[in-house]
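**Q** A predicted structure for the sequence below; I have some questions about it.
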Amino acid sequence: STQLSLLADKGAIRVGKKHQAVIPDLVTEEGDKKMEVDEDDEDMKENGNLMIDEEAEENGPAAKKRRNDGVQLTERETLIYHPYHSLSERDIDQFLIMARAVGTFARALDQSSSTKLPSLHMTAAYASRDVTLFHAMALLHQANYDIGKAVKYLVPPANKTQYPLEVDQATNHNTISLGGPLLCRDQMEEWSAPEANLFEEAMEKLGKDFNDVHADYLPWKSMRDIIEYYYMWKASNRYAEMKKKK
Amino acid sequence: STQLSLLADKGAIRVGKKHQAVIPDLVTEEGDKKMEVDEDDEDMKENGNLMIDEEAEENGPAAKKRRNDGVQLTERETLIYHPYHSLSERDIDQFLIMARAVGTFARALDQSSSTKLPSLHMTAAYASRDVTLFHAMALLHQANYDIGKAVKYLVPPANKTQYPLEVDQATNHNTISLGGPLLCRDQMEEWSAPEANLFEEAMEKLGKDFNDVHADYLPWKSMRDIIEYYYMWKASNRYAEMKKKK
Amino acid sequence: MSVQTHGKKRISYYYDSDVGNYYYGQGHPMKPHRIRMTHNLLLNYGLYRKLEVFRPIPATFEEMTSYHSDDYMMFLKNIRPDNITEYNKQMQRFNVGEDCPVFDGVFEFCQLSCGGSIAAAMKLNKKQADITVNWMGGLHHAKRSEASGFCYSNDIVLAILELLKHHQRVLYVDIDIHHGDGVEEAFYTTDRVMTVSFHKYGEYFPGTGDLKDIGAGRGKYYSLNFPLRDGIDDESYESIFKPVMSQVMQSFQPSTIVLQCGADSLTGDRLGCFNLTLKGHGECVRFLKGFNVPMILVGGGGYTIRNVSRCWTYETAVALDTDIANELPYNDYFEYFGPDFKLHIAPSNMTNQNTKEYLQRTMVRLFENLRELPHAPSVQMQPIPD
Amino acid sequence: MSVQTHGKKRISYYYDSDVGNYYYGQGHPMKPHRIRMTHNLLLNYGLYRKLEVFRPIPATFEEMTSYHSDDYMMFLKNIRPDNITEYNKQMQRFNVGEDCPVFDGVFEFCQLSCGGSIAAAMKLNKKQADITVNWMGGLHHAKRSEASGFCYSNDIVLAILELLKHHQRVLYVDIDIHHGDGVEEAFYTTDRVMTVSFHKYGEYFPGTGDLKDIGAGRGKYYSLNFPLRDGIDDESYESIFKPVMSQVMQSFQPSTIVLQCGADSLTGDRLGCFNLTLKGHGECVRFLKGFNVPMILVGGGGYTIRNVSRCWTYETAVALDTDIANELPYNDYFEYFGPDFKLHIAPSNMTNQNTKEYLQRTMVRLFENLRELPHAPSVQMQPIPD
Ligand SMILES: [Zn+2]
Ligand SMILES: [Zn+2]
């Protein structure tokens, strides 16, 4: 989708087995099958192999994934959140404030955070970043949309016995339990000031070639972490100030 | 109870109408009355006036105060907290962490707080003071020991429509709603640095004569506020440092 | 989630968050703040959450005059630091001035103290609790028309009067270092209240509480006084308290008890001269609690406030049958408890001037008095005749 | 507490939090990060909470080869920035290199994109949603054995193949500025998928999508292309989109729709040359939604990423029947949206080279083709004969 391409305006739609998709046969649906059992009896045999797949889904281990709190699931997905609960908008807003509050408090308790973040405002701002909110929404889901249960997930005991570890899988967030208030940190916060300086130096020298930035300046960071940091950094004051200086 | 008294070891137990209490008659209890209605019929008439008082209590406006969530009340008291709920110790601990967290976050949002308290640690410490915990316990009671409801009281909407205002009456705490996270501040936190300095100056000059401290140095503070401040100040670093200097 | 075990006793606790800010004046040893310190320790020890916590309704003028004289209460209600000069004569008459200074809100303070004890009594009358606690109360020196020993109104007398409406016999026990003269005097002539006081006696306030003071009229033998000397320790105290109280319980058979837990009998008290620790003091609470008779715990004296709050916190835990750690929890007044920051206190090496012989001899005398009590109490728990 | 109204459509939304960190390379205009920006706007607008949010299972090799050739997929799976030199020939053969560079995790990225679209299709097959959304998908240029135009695997084709298992006729609509050549080619000879693409045509990538390209074999008349010139605005676009799509819906009668929402047709796009605003672009979503036919929304092109995320956020709101404020909510990437920090964007003053006459004429030609469609579609929704 770019004028960069040398192939621009030279394309053609090609016809042949090598280019078109193989169109699958129509499968009569599970539900229909039961309704129209007489008529479809033969058809079922015809499409035997497909039907078996469907049966396996229904009875196999995937079957139990089908439903989660009344929401129907296919075997192709993990449910992260759904709106079919009795919480009001305000309830959720309040819960998200709680999540930010816990994040702020967690940073006050955490040694490594609080040395990095001496300012209250900065801490509250870090605790209000999207990673905290996404994680909170995932916790709310794990708590079956019970605010009382969900807030307890925000302040789990040290051994995480009372914490839904699935939530970390579901959202890939970097959560640290201090045996109390829950801490979600993104790359913007994870990086030390020297690391941030190194990154900016690398950007000046190498531009956005993150493979080189990684190799030459920040080999202890993963590529993904560098990219996440880059995009967040572009929205930060540091970036604005660096641009101003130029 | 002191050797200060001039009356020491000169006391005597005096006998006479002017000294002894008038001993009341025994009132048959409400419950007994119904059990022993035949025998006590005459007695009831004798103690008529007292019985009427009891009746009035039962039927008057005080009657509805009798019970609160299954805890029986007399008309002489306001219930602040009771242990007859299904919350575990951990549930309550977690709720108290939430209360501290919300207090910390509230200070980050509050203009007047955050200029006074630039440090994260200091803020978290202020948000962990007993006033916050007492208020949290009172909110838990108002929420009928439903953690989900109680945490929502911690972050009430601006107009406090969803906040149990009784709780402020019950505990006399100084709570400020920011239309979000709840803020409980005691005198230790309320006072500005210049006010604290004035107080210390007054203490050096006047000692603990709080009437004079009030009149000469801090007329805009109430006597009670000064006394509350004094006792908290004695437990503070400021006091320790002032003592060290001497 | 574990459901609170209802097998334990129901404890009702009375507190008003205003109480800590009443201030007797510069240099005065009585500090209502110690009640707030206790309250905050209860919270941070997690004992608060095991209690039924109440804010009492302040006692009304009418309630307070169920014992106190109208003119005394009227005086107390009207006196203020800024109108003292107008009340010169009355101040002398009602003994207000030196020990019992006029301070801001003195009448309100009395209302809180009395309100708590009256509510605590009413609670027992309604059988809504097994033990009720009012550390704001216990001001045992106040007389009908006279302040005394830092006490202006006698919340204990008011509570006992309330109890007497539903209880034939009320036992009052006083472990303050000072004689419980106010309560003794109020009930000196009745056989429905027995007062038992253990106290320092001899050149010591208030001067009453001799072994020979045993009550008068129908109240004869219903006042019991155990005079003590300086330096009594836990062991000695236990050796007299338990036998005496066992005999009292057996002879008097009260249906309710008021225990004044004055903490000036602790070692190191600013005004006291005993050598009790929390364990010896608290053992009195534990022992009386064992009789399974409804009981009110009130405060009283206590002038080394870090120890007072330690003591009453511990005794609340005793009432709750709950063990608490010796490590004090963090709280607003944590620095008061340095340098050790522990709950329990050690006795001093002061001499115990109470010899075993003295204590034994005194106990024998008290037992003799107790034998004079009618086996069947004078008024039985039976239908009142027409 | 209000119970969520189930009257509105059920919207399933697919997202993988890894997607934003795939990076095509320095200077490359395709930025998966725009999908994360959209996601964060959905959260902070409160739209997230109205969705069923799913993380899709990544597509398997087998699933991807239901359309793509095994050798192409094997190549894609094995190629890495550090082994490029070993794959020189294959890179040319599969058109990987310039437009479609080898980047870290390219195959995983394809798995997420395809996984989302396959899951979205399966969701509709199961009748578990009315509209499913996968902004990670929409990579319409990928061919069976060839990468093209920043697209390596064609998630749309895979989704349509999944839909075809349960739907007799699937309609594909493409409002990317580029011709949806990959999808058109895949279904060029079938009458069960109709592809309709509105795109810039003439000296523009990928060069296909002439009005005269109408499909082949059984697929004749089942490909529809609306070639456009530079600068088309909301009004002009609406004036063709709605009549054409109305006729398509009536003639083809699909039981499900896939709408590719490529956002490079917006004004100000780094690579595009149209002049649409969010309103004109989103109107296509709203209009198709009005037919009440199950629909998949996928992403696609879009190279001014602040506008891409605005657009897809808005279109998610359209799907949800929810109005959202023009003021953008604070989020991690808020600064990207300066200086105005508004949702909606203004059109530029560029010339609209699409005259009314041209558009009208083209539309007439398309209607003529549409009239060639059988009134009763070739395969009916009826019991299949023995
Ligand atoms: Zn005393
Ligand atoms: Zn495009």
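**A** Cool, the structure landed. Ligands and ions are numbered 1, 2, ... in the order given.
**Q** Now stretch C:333-351: average pLDDT?
**A** For stretch C:333-351, mean pLDDT rounds to 96.
**Q** Need the CA coordinates for that stretch. CSV is fine.
**A** Provided in CSV are the C-alpha atoms of stretch C:333-351 (Å, rounded to 0.1, in the frame of the first residue of the first chain):
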residue,chain,number,x,y,z
TYR,C,333,1.5,8.1,68.7
PHE,C,334,4.1,5.4,68.2
GLU,C,335,7.0,7.6,69.3
TYR,C,336,5.5,7.9,72.8
PHE,C,337,6.3,4.2,73.3
GLY,C,338,10.0,4.4,72.8
PRO,C,339,12.7,3.4,73.3
ASP,C,340,11.4,-0.2,73.4
PHE,C,341,8.1,0.1,71.5
LYS,C,342,6.8,-3.0,73.4
LEU,C,343,3.4,-3.6,74.9
HIS,C,344,4.5,-5.0,78.3
ILE,C,345,6.4,-3.1,80.9
ALA,C,346,8.8,-4.3,83.5
PRO,C,347,8.4,-3.8,87.3
SER,C,348,10.9,-1.6,89.0
ASN,C,349,13.2,-2.8,91.8
MET,C,350,11.3,-0.7,94.5
THR,C,351,10.7,-2.4,97.8
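**Q** Okay, buried residues for it please.
**A** For stretch C:333-351, the neighbour count (16 or more other CB atoms under 10 Å in any protein chain shown) marks C:Tyr333, C:Glu335, C:Tyr336, C:Phe337, C:Leu343, C:Ile345, C:Pro347 as buried. From N, CA and C alone the C-beta is placed, and that goes for glycine too.
**Q** Export these to CSV and append columns for distance to A:Ser236 and secondary structure.
**A** As requested, the buried residues of stretch C:333-351 are arranged in CSV below (distance: CB to CB, whole Å; DSSP: H, G, I helix; E, B strand; the rest coil):
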residue, distance to A:Ser236, secondary structure
C:Tyr333, 43, coil
C:Glu335, 41, helix
C:Tyr336, 46, helix
C:Phe337, 46, helix
C:Leu343, 50, coil
C:Ile345, 56, coil
C:Pro347, 63, coil
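**Q** which of those residues are close to ligand 2?
**A** The subset of those within reach of ligand 2, by CB under 5 Å from the ion, is empty.
**Q** and which of those is nearest to chain A?
**A** Closest approach between the buried residues of stretch C:333-351 and chain A, by CB to the nearest CB: C:Glu335, at 20.8 Å.
**Q** Could you pull out the strands in chain A for me?
**A** Remark: strands assigned in chain A by DSSP state E are A:67-68, A:71-72, A:77-81, A:175-177, A:182-184.
**Q** same thing with the stretch 51-200 of chain C?
**A** Remark: strands assigned in the stretch 51-200 of chain C by DSSP state E, counting those that start in this stretch are C:52-56, C:131-134, C:170-174, C:193-200.
**Q** Can I get these in a markdown table including distance to chain D?
**A** Formatted as a markdown table, these follow (distance: least, CB to the nearest CB, whole Å):
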| stretch | distance to chain D |
| --- | --- |
| strand C:52-56 | 30 |
| strand C:131-134 | 39 |
| strand C:170-174 | 52 |
| strand C:193-200 | 56 |
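**Q** All set, thanks.
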